[in-house]
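Visitor: One predicted model, sequence on top.
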Amino acid sequence: MGAERVVFSQFPAGWVGDWHPAPRLQFFIQLSGELEVEVGDGEVRRFSAGCVVLLEDTSGKGHITRVLGDTGVEGVFVQLASTAPGA
């Protein structure tokens, strides 16, 4: 898969990203902390350091992201080339 850019990110303890779709097809590689993600059908999953997730919900309601615990989350978004399947 081709990638167009890599974005390093930090989310502070207590941060909540209300309903939003992914801006593009991308991987998220979690480096530290703990996240909880809720999707449109009500499913909730938790992620910790070492998790790699393909974000495919680029339209519609999207998802809610919450940072859990007393520490923030660091991660890397790998934004896939627009010619990637599903992009």
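Guide: Yes, it's here.
Visitor: quick one: the most centrally placed residue in the chain and residue 55, what's the gap?
Guide: Closest to where the C-alpha atoms of the chain average out (Cα atoms, centre = their mean) is residue 28, at 5.1 Å. Separation of residue 28 from residue 55 (Cβ to Cβ, to the nearest Å): 6 Å. Glycine gets a C-beta too; all of them are placed from N, C-alpha and C.
Visitor: what do you get for residue 7?
Guide: On the measure of Cβ to Cβ, residue 7 and residue 55 end up 12 Å apart.
Visitor: What of residue 1?
Guide: For residue 1, the distance to residue 55 - Cβ to Cβ - is 13 Å.
Visitor: Pick out whichever of the two has more residues nearby.
Guide: residue 55 (20 against 12; other Cβ atoms under 10 Å).
Visitor: residues contacting that one?
Guide: 22, 25-28 (Cβ atoms under 8 Å, 6 or more residues apart in numbering).
Visitor: same check, this time on residue 69
Guide: 13, 33-34.
Visitor: now do residue 9
Guide: Contacts of residue 9 by Cβ under 8 Å, 6+ apart are 74-77.
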